[in-house]
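*Asks:* Predicted model and sequence follow; I will ask about them next.
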Amino acid sequence: AQKVTQAQTEISVVEKEDVTLDCVYETRDTTYYLFWYKQPPSGELVFLIRRNSFDEQNEISGRYSWNFQKSTSSFNFTITASQVVDSAVYFCALERDSNYQLIWGAGTKLIIKP
Amino acid sequence: GAGVSQSPSNKVTEKGKDVELRCDPISGHTALYWYRQSLGQGLEFLIYFQGNSAPDKSGLPSDRFSAERTGGSVSTLTIQRTQQEDSAVYLCASSLEGRQGHEQYFGPGTRLTVT
């Protein structure tokens, strides 16, 4: 079975704190892709990053970083020095090899308080 | 350039009526996806089009749901005899082509309310 679990339903932190959003996945595919999307209050899903299963290098983009660990089937997302504009629902997704559909986690609602 | 557009942005309909939701993908994108986002179910895949190939309908929840894509571009999702459980946000996404790892670009969605 293919599945994505985001155990944190909601996280609330004060601005400038660091925060990590967890993502654990299950798949039997040898090759797969993982994605993170952001859904701000406006509702439109915004692509953040994709990671190939063969590339376990961590990625950093400004205040955002991602930690991919195949050994624990996790693809966690960290925001450093959070800002109010980071408030959104964040989704982790696994791409199916067969038809490229995305299998989504339930999402984590991130609230950054000023 | 223009992103994925969807219309209408909001639709309120009475139970039992048919509705049509429209998606205009990004120009040049050959792959098109429909997803549904509802409170109880999260985001779920509905249907996938790749070019002129037969669509993958494996995610459609019932035979009341159908979709077509004309000329490899615009797509219409039709829900017949709507039920209250069909209330959700229907999201359309497109990608450059149906290949592994291509990011999908999402439209703003159509919020469907069945009364």
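*Replies:* Structure received.
*Asks:* in the chain, which helix or strand is least confident?
*Replies:* Going with chain A. strand A:59-61 (a mean of 87; mean pLDDT, DSSP states H and E).
*Asks:* hmm, I had chain B in mind actually
*Replies:* Result, chain B / mean pLDDT, DSSP H and E: strand B:42-50, a mean of 91.
*Asks:* what's it packed up against?
*Replies:* strand A:102-104, strand B:31-38, strand B:65-69, strand B:75-79 (3 or more CB pairs under 8 Å, 6 or more residues apart in numbering or on different chains; DSSP states H and E). For the C-beta atoms, the positions are set from N, CA and C on the backbone; glycine is no exception.
*Asks:* Quickly, which of the ones you listed bottoms out on average pLDDT?
*Replies:* Averaging pLDDT over each of these singles out strand A:102-104 as the lowest, with a mean of 91.
*Asks:* Give the other helices and strands that it contacts.
*Replies:* strand A:3-5, strand A:88-95, strand B:42-50.
*Asks:* Give me the contact list for the last one.
*Replies:* The one in question is strand B:42-50. A:91, A:93, A:99-107, B:30-38, B:55-61, B:65, B:67, B:69, B:75, B:77, B:90-91, B:97-98 (CB atoms under 8 Å, 6 or more residues apart in numbering or on different chains).
*Asks:* Next, the angle from that strand to strand A:88-95.
*Replies:* Relative orientation of strand B:42-50 versus strand A:88-95 (axes from the mean of the first three to the mean of the last three CA atoms, to 10 degrees): 50 degrees.
*Asks:* Show me what from chain A comes close to chain B.
*Replies:* Proximity of chain A to chain B, by CB under 8 Å from any CB of the partner chain, involves residues A:31, A:33, A:35, A:37, A:42-47, A:50, A:52, A:91, A:93, A:95, A:97, A:99-107.
*Asks:* does the residue nearest the centre of chain B have beta-bridge partners, and which?
*Replies:* The C-alpha lying nearest the average C-alpha coordinate of chain B belongs to B:W34 (CA atoms, centre = their mean; 3.2 Å). As for beta bridges, B:W34 partners with B:I47, B:C92 under DSSP bridges.
*Asks:* Who are the contact partners of it?
*Replies:* Applying CB under 8 Å, 6+ apart, we find B:W34 in contact with B:23, B:45-48, B:67, B:75, B:77, B:90-93.
*Asks:* got it, and B:A67?
*Replies:* B:34, B:46-47, B:49, B:55, B:57, B:60, B:75-78.
*Asks:* Any of these buried? List them.
*Replies:* B:34, B:46-47, B:49, B:55, B:60, B:75, B:77 (16 or more other CB atoms under 10 Å in any protein chain shown).
*Asks:* what about A:I112, distance to chain B?
*Replies:* 22 Å (CB to the nearest CB, to the nearest Å).
*Asks:* Secondary structure element holding that residue?
*Replies:* In the assignment (DSSP states H and E), A:I112 maps to strand A:108-113.
*Asks:* Report the contact partners of A:V4.
*Replies:* A:23-26, A:92-94, A:103-105.
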